[in-house]
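Colleague: Here is the input, now give the coordinates:
(one chain, ligands or ions: 1)
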Amino acid sequence: MPDAAGVLPQAQSAHETLPEAAQGSAAVLAEITTGLLAARPYISPKYLYDTLGSKLFEAICELDEYYPTRTEAAIFARYGADMAACIGHGASLIDLGAGNCAKAAQLFPLLRPQQYVPLDISAEFLTQAVYGLQQRFPAIEMTPLGLDFSAGFSLPESVSASRRLFFYPGSSIGNFSPVQALALLRNLRANAGEDGGLLIGIDLVKNSAVLDAAYNDALGVTAAFNLNLLRHVNRLIGADFDLAQWQHYAYFDAAASRIEMHLEARTALSVQWQGGTQQFARGDRLHTEDSYKYTPQAFQQLLQSAGFETVQHWTDPDNWFAVLYARAVP
Ligand code: AVI
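Modeller: So this is what the prediction gives:
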């Protein structure tokens, strides 16, 4: 894999669009340049999510082949009451990469949190989403926070210190390498306190044909999502990627237990950007995303290493997706 640690740089949540201020900055230029000039070139998956990329991801979630979204939703619909019985009422519900807050809001009537703390890199987007939600649920104290939780964080005092329940649906943890995922989970444990917990969705290892289809849909939406990253990078660093010269390439690597997503050069080509240039031969690839798939046992071990103990997990009839509730080990 591309960088020194053998993994792609960390992803952000699917809903996190880079703030305008970060666009075109020197740090962004330096980061993308490092990836393009690496022995195995890569671009961080966070650049998949500009405005169009976020819309394309929403479209992916509607695809027949992309089972995670609807499978997770069915698990919450079927076992939500069970989850609430296990977790109890009155927690501070901390929603990681909350976006439009819709998934958490569906659980409010069951979990009855006393406080709702949506985290997202885009504070402005959150403020709008929370405004409508507060009208619907006036009894819940809402404390939106604009922060990048993937970078390591400490919750401010405005977040109640007791019964912190982290909510991380969507299997977005899979876009981190296991090493990065462990660091993130440890950070959650540090913020959870003695009586905190975590409700998390993970995508499970399954037949590779199902996985390959989910990332190679017939309509080509995932291909468009992947290629759009080049449009975004063109804007960010003044690059001249010609999208017609690249094609989507995604496959399940069973040994690494992950989908790898790449862009492959259709022809020999060169790319120029502010202060840099790179040649690609036909068939050369740019690595754009990993999506790790876990067995329930492997993920429970990760949780344990981070200082959580799994209380219960819920899955669908095919065992394609799981939602786990884990408690902080005091
Ligand atoms: C956001 N994340 C969980 C998605 C996934 O399945 O890894 C992103 C995605 N990439 C291609 N399709 C969907």
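Colleague: Of all the helix elements in this protein, which one is longest?
Modeller: If you go by DSSP state H, the chain has its longest helix at helix 67-87.
Colleague: which outside residues touch it?
Modeller: Helix 67-87 is contacted from outside by 61-62, 103, 106-107, 110-112, 165, 169-171, 197, 199, 201, 203, 210, 214, 311-312, 314-316, 318, 320-323, 325, using Cβ atoms under 8 Å, 6 or more residues apart in numbering. In short, each C-beta sits where N, CA and C put it, glycine included.
Colleague: from those, which would you call buried?
Modeller: Neighbour-count burial (16 or more other Cβ atoms under 10 Å) applied to the contacts of helix 67-87 gives 61, 103, 107, 110-112, 165, 169-171, 197, 199, 201, 203, 214, 314-316, 320-323, 325.
Colleague: near the ligand too, which of the residues you listed?
Modeller: 170-171 (Cβ under 6 Å from any ligand atom).
Colleague: Mind checking which of the buried ones among the contacts of helix 67-87 are in helices?
Modeller: Short answer: these in helices (DSSP H) are 103, 107, 110-111, 214.
Colleague: In contact with Leu96, which residues?
Modeller: Applying Cβ under 8 Å, 6+ apart, the residues near Leu96 are 13, 119, 149, 166-168, 172.
Colleague: where in the protein is pLDDT low?
Modeller: For the chain, the stretches flagged by pLDDT under 70 are 1-24.
Colleague: okay, which residue is most central for it?
Modeller: The structure's the chain has its C-alpha centroid closest to Ser172; by Cα atoms, centre = their mean the separation is 3.0 Å.
Colleague: shouldn't that one be in contact with Ala98?
Modeller: No - Ser172 lies out of contact with Ala98 (Cβ atoms under 8 Å); the separation is 11.4 Å.
Colleague: ok, Asp195 to the ligand distance?
Modeller: 29 Å (Cβ to the nearest ligand atom, to the nearest Å).
Colleague: Find the helix or strand that that residue is a member of.
Modeller: Element membership for Asp195 (DSSP states H and E) is empty, with no helix or strand holding it.
Colleague: if we can go back for a sec, sort out for me which of the contacts of helix 67-87 are in strands.
Modeller: 165, 197, 199, 201, 203, 311-312, 314-315, 321-323, 325 (DSSP state E).
Colleague: What is the nearest of the residues you listed to the ligand?
Modeller: Asp203 (6.7 Å; Cβ to the nearest ligand atom).
Colleague: Report the contact partners of that closest one.
Modeller: 68, 171, 174, 291-294, 320-321.
Colleague: give me that answer again for 10 Å
Modeller: 67-68, 71-72, 170-174, 211, 214, 259, 291-294, 299, 320-322 (Cβ atoms under 10 Å, 6 or more residues apart in numbering).
Colleague: give me the beta-bridge partners of the residue of the chain found nearest the ligand?
Modeller: Nearest residue of the chain to the ligand, counting by Cβ to the nearest ligand atom: Ser291, 3.3 Å away. Ser291 forms beta bridges with Ile259, as assigned by DSSP bridges.
Colleague: That one reaches Ala250, doesn't it?
Modeller: Yes - counting by Cβ atoms under 10 Å, Ser291 touches Ala250, with 8.9 Å between them.
Colleague: overlap in contacts of the two?
Modeller: Common neighbours of Ser291 and Ala250 (Cβ under 10 Å, 6+ apart) are 211, 214-215, 259-261.
Colleague: All the strands of the protein, in order from the start?
Modeller: 92-96, 115-120, 141-142, 145-146, 164-168, 197-203, 246-253, 258-265, 269-273, 276-280, 285-292, 308-315, 321-328.
Colleague: got the ones you listed as a markdown table, with distance to Arg189 columns?
Modeller: Below are the strands of the chain laid out as a markdown table (distance: least, Cβ to Cβ, whole Å):
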| stretch | distance to Arg189 |
| --- | --- |
| strand 92-96 | 13 |
| strand 115-120 | 16 |
| strand 141-142 | 24 |
| strand 145-146 | 19 |
| strand 164-168 | 9 |
| strand 197-203 | 8 |
| strand 246-253 | 29 |
| strand 258-265 | 24 |
| strand 269-273 | 40 |
| strand 276-280 | 40 |
| strand 285-292 | 20 |
| strand 308-315 | 6 |
| strand 321-328 | 6 |
